[in-house]
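Asker: pasting the sequence and the predicted coordinates here, then a few questions.
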Amino acid sequence: DAKTTQPNSMESNEEEPVHLPCNHSTISGTDYIHWYRQLPSQGPEYVIHGLTSNVNNRMASLAIAEDRKSSTLILHRATLRDAAVYYCTLRSTLTFGKGTMLLVSP
Amino acid sequence: KAGVTQTPRYLIKTRGQQVTLSCSPISGHRSVSWYQQTPGQGLQFLFEYFSETQRNKGNFPGRFSGRQFSNSRSEMNVSTLELGDSALYLCASSLVRGGTGELFFGEGSRLTVL
């Protein structure tokens, strides 16, 4: 099964950009990359998804490598409310793993 | 509109018992997936249902089972509970299966096995 690999944790300062990487080297050609985040004591919430092209929405941007074997979630200006566990997943397999815990300092 | 509703929110069982958890998806959503979340293993996929049929299954023993009803509501069952089954069980619904189908998660059912 295709799976994803993410760093266990990352730190950022408030109002600085954050780049959260994800490796999915066994992705199939038609599989969508989804990102979710989980705030403390809540269920995960959708952030963004993409297939091949870079994507932007009000929450974040998603940069997808040309070979699609990796992607990066970009938070343009981190806030304290962005402190959460971020998961990338391949929509066809729904494997989430442990995600990346993002710590944001004031 | 109402979000994904999971019941019960908390429950305590003893080893050897069985448990049934319920998930009501967002109205109009036909895809429901289930996950087990533990500190050690993170968020692990259990199974996915679409139109009352199991479409995808994670790597869990046969003690874990589920079903989906014609109104898209879903239940999962765990038989012969073990201590290691203590976890937060999350359900997510989606308008479509796969591809662009954004997942909407419930708040989970926290199971403690004593």
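Answerer: Noted; the coordinates are in hand. Numbering: from 1, shown residues only, chains lettered A, B, ... in the order given.
Asker: who is the closest residue to B:Gln37 other than its chain neighbours paired with across the strands?
Answerer: Sequence neighbours aside, B:Leu88 is the residue nearest to B:Gln37 in space, at 4.4 Å (criterion: CB to CB, 6 or more residues apart in numbering or on different chains). For the C-beta atoms, the positions are set from N, CA and C on the backbone; glycine is no exception. When assigned by DSSP bridges, B:Leu88 has beta-bridge partners B:Gln37, B:Arg110.
Asker: B:Leu88 and B:Arg9, how far apart?
Answerer: Distance of B:Leu88 to B:Arg9, given as CB to CB, to the nearest Å: 10 Å.
Asker: compare the two (neighbour count), which wins?
Answerer: Counted by other CB atoms under 10 Å in any protein chain shown, B:Leu88 and B:Arg9 do not tie: B:Leu88 has more neighbours, with 18 against 11.
Asker: quick one: the more buried one from A:Ser105, how far?
Answerer: Counting by CB to CB - B:Leu88 and A:Ser105 are separated by 27 Å.
Asker: go on, B:Ser109?
Answerer: In terms of CB to CB, B:Ser109 sits 34 Å off from A:Ser105.
Asker: comparing those two, which residue is more hemmed in?
Answerer: Higher neighbour count among B:Ser109 and A:Ser105: B:Ser109, with 21 against 11, using other CB under 10 Å.
Asker: model confidence for that one, exactly?
Answerer: On pLDDT, B:Ser109 comes in at 97.
Asker: one more: the one 4 residues further on?
Answerer: Reading off the per-residue confidence, B:Val113 sits at a pLDDT of 97.
Asker: next, count neighbours for it.
Answerer: So B:Val113, with other CB under 10 Å, has 19 neighbours.
Asker: so what's it up against?
Answerer: Shown in contact with B:Val113 (CB atoms under 8 Å, 6 or more residues apart in numbering or on different chains): B:12-15, B:81-86.
Asker: quick one: it and B:Gly66, what's the gap?
Answerer: 18 Å.
Asker: A:Ser61 now?
Answerer: 35 Å.
Asker: between the two, which one's more packed in?
Answerer: B:Gly66 (22 against 17).
Asker: would you double-check that that one falls in a helix?
Answerer: No: secondary structure of B:Gly66 (DSSP: H, G, I helix; E, B strand; the rest coil): strand, not part of a helix.
Asker: I figured the residue nearest to B:Gln37 hits B:Gln41, correct?
Answerer: No: counting by CB atoms under 8 Å, B:Leu88 does not reach B:Gln41; the two are 11.4 Å apart.
Asker: now do the shared contacts for B:Leu88 and B:Arg9.
Answerer: By CB under 8 Å, 6+ apart, B:Leu88 and B:Arg9 have these common neighbours: B:108-110.
Asker: low-confidence ranges, chain A, go.
Answerer: A:1-2 (pLDDT under 70).
Asker: the helices in it, which residues?
Answerer: Secondary structure of chain A by DSSP state H: no helices are present.
Asker: quick one: mean pLDDT for whatever helix or strand B:Ala92 lives in?
Answerer: Secondary structure from DSSP states H and E places B:Ala92 in strand B:87-94. For strand B:87-94, mean pLDDT rounds to 97.
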